[in-house]
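**Student:** okay, predicted coordinates and the sequence, questions at the end:
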Amino acid sequence: MANKLIKGVLASAVIAALAGCNSDEPTNPNACVTGNECVKFTVLHTNDNHGRFWHNSNGEYGMAARKTLINQIRDEVESAGGQTILLSGGDINTGVPESDMQDAVPDFIGMSSIGYDAMAVGNHEFDNSLDVLEMQRKLANFPMLAANIYHKEADGSATERYFDAYKVFDVNGIKIAVIGLTTPDTFKLVNPENVENIFFADPQDEIRKTIAEIKANEKDVDVIFATTHMGHYADGNHGSEAPGDVLLARSLEAGQLQAVFGGHSQQPVCMEPGTNDYADFKPGDDCTPDQQNGTYIMQAHEWGKYVGRADFEYVDGKLNLVDYALIPVNLKVKNEAGERVFVTSEIEQDAELKELLAGYQAKGQELLDVVISSTDGKLVGDRDVVRTQQTNLGQLLGEAYRSFELVKADFMVMNSGGIRDSIPEGPIAYRDVLTVQPFGNFVTKATMTGAEVQEYLNAVTPLTGGAYAQLRGIKLDVNCDTKTAQINDINNKGFDAAAEYTFAVISFSANGGDGYPKITVEDTQRTDADVLREFFVKNQNIDAASYNPVAGDVTYTLGGAQVSHCGAKAE
């Protein structure tokens, strides 16, 4: 039955591709035929779950279908004389309200039911206070692994590890040590209070230390893998992010680490054969994993959209990767008629797990209607208003995003097309928040000199329609004829072209959406709706009038006359 669900990868093609990526001896797909001693086993892996315990509105992914697929693969592997191990690259928390409001309890229950063997600790595991993390740790029937996370003393020094560094598994007669590692960027991606007593060490140092511990403390370990939450960056080009899996592999002596099953960067790690370049991967395509310094590196995109499957043979003391695939979990694509159809045959959802998770999904829907705040007046997000003038909702969003604990910026720029509705006078529930901000964009922070801010706003402020900018914390005059903005003040600091300023902007705009310039930002990895919800929880009684735009703070002129925006007609 599993063969009907899985588009297999031709072993010969994979082996040839991998052989072109490094100078090691090529693996041998026929090793189990010719070798004296041969052990077959399969590693299954997912990463960056982000609250997706339930299928989406199109019936894609979801843990119940994932369990069916994984069990089918287990049965297939076992019938062929092999055994499986299931790993997660972390970030179980944060992303879907139904999960967020229940502290990812359904996700950890689902993972336990599926039968995960271990997971890397992700940065989003620290989005909540440590008591929530401890609850999740007890709920999971598998270990959380992180060799580079330590308890921290008052003087900042590291003491004992917070999690186990590794776990050894007996898989079909061979011993596999799995090391966990977490991005050291975690401390700046979460509320500082959550990690004030936590120290994140350098993963490259810690993996060498842990490999030495394994050799000293464990007998006859045959293979060493890592499950990581560090990110895959092609050819090690990690930009402003902390170094990821590629540089981790390159930092070791060849042969010390056989494979990495990663997460954090949330992409399918499928490479153009013989290169360090990503392939143009689509659901159902063949996938060639990366290989650096003799280490295979794999990542299965995000949200449980795929289950990664790596079929190995251990022959005469050597590890061979025979086959690799990213198997879609009920993903759909549009056909020529524009209809959404399954990439592979539909995977039935495991009935028992679906029934169990349905209760949490229903409870999550109820929690969306729990009142989190109230407003004494309408917060205006009507399309025809918010796209033509500054509004109190635009100002409130600006304050929520620029004052967010991971941002704390001087001002805010928000494309009005990202504001999808108004919030009426009266009680405010999370469902209202999701109506206003439904896209799940991340709140980000940009840092620029005054001169760079000037150039940026010259490009942004004349834009119209959905690109019209809602602004908070800044005073300026926009000349629609010359398409320039004269900045008068930023955050009551005046304006200096040589000074440094910060501003909040959503990831959609930072990435060039709505015609905004593409800029470098610090990503909080927190969604706009999540940040707005937190703002409302902290501000239980909203005085709508206090967010009314101040006349004269932002002005537009066209043909010498004052107008509401650059798309207006001059009188």
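**Tutor:** Received it, and whenever you're ready, just let me know what you need.
**Student:** residues near residue 72, how many?
**Tutor:** By the measure other C-beta atoms under 10 Å, the count of residues near residue 72 is 19. Any C-beta I mention is one placed from the backbone N, CA and C, and that applies to glycine too.
**Student:** name the residues of the helix or strand where it lies that are buried.
**Tutor:** According to DSSP states H and E, residue 72 maps onto helix 63-79. By 16 or more other C-beta atoms under 10 Å, the buried positions in helix 63-79 come out as 63-70, 72-74, 76-77.
**Student:** which residues touch the closest residue to residue 104 other than its chain neighbours?
**Tutor:** The shortest distance from residue 104 to any non-neighbouring residue, by C-beta to C-beta, 6 or more residues apart in numbering, is to residue 93 (4.8 Å). Residue 93 is in contact with 50-51, 99-100, 103-104, 107, 122, 124-125, 127-128, 136, counting by C-beta atoms under 8 Å, 6 or more residues apart in numbering.
**Student:** and these, which of them are in helices?
**Tutor:** 99-100, 107, 136 (DSSP state H).
**Student:** ok so, going back, what distance separates the helix holding residue 72 from the centre of its chain?
**Tutor:** Distance of helix 63-79 from its chain centroid, counting by C-alpha atoms, centre = their mean, to the nearest Å, is 25 Å.
**Student:** elements contacting that helix?
**Tutor:** helix 2-5, strand 38-46, strand 84-88, helix 105-114, strand 306-315, helix 351-367 (3 or more C-beta pairs under 8 Å, 6 or more residues apart in numbering; DSSP states H and E).
**Student:** 10 Å - rerun?
**Tutor:** helix 2-5, strand 38-46, strand 84-88, helix 105-114, strand 306-315, strand 318-328, helix 351-367 (3 or more C-beta pairs under 10 Å, 6 or more residues apart in numbering; DSSP states H and E).
**Student:** in its sheet, what does the helix or strand that the longest one is followed by sit against?
**Tutor:** Elements were assigned by DSSP H and E; along the chain past helix 351-367, the next helix or strand is strand 371-375. Using DSSP bridges, the strands paired with strand 371-375 in its sheet are strand 426-429 (antiparallel), strand 541-542 (parallel).
**Student:** quick one: closest of those to residue 169.
**Tutor:** For the strands paired with strand 371-375, proximity to residue 169 was assessed by C-beta to C-beta; strand 426-429 is nearest, at 45.3 Å.
**Student:** let's have the contacts of residue 93 in JSON lines, adding pLDDT and neighbour count.
**Tutor:** Converted to JSON lines, these look like this (pLDDT from 0 to 100; neighbours: other C-beta atoms under 10 Å):
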{"residue": "50", "pLDDT": "96", "neighbour count": "24"}
{"residue": "51", "pLDDT": "97", "neighbour count": "23"}
{"residue": "99", "pLDDT": "96", "neighbour count": "26"}
{"residue": "100", "pLDDT": "95", "neighbour count": "22"}
{"residue": "103", "pLDDT": "97", "neighbour count": "19"}
{"residue": "104", "pLDDT": "98", "neighbour count": "30"}
{"residue": "107", "pLDDT": "98", "neighbour count": "28"}
{"residue": "122", "pLDDT": "98", "neighbour count": "31"}
{"residue": "124", "pLDDT": "96", "neighbour count": "25"}
{"residue": "125", "pLDDT": "98", "neighbour count": "29"}
{"residue": "127", "pLDDT": "95", "neighbour count": "23"}
{"residue": "128", "pLDDT": "94", "neighbour count": "19"}
{"residue": "136", "pLDDT": "98", "neighbour count": "19"}
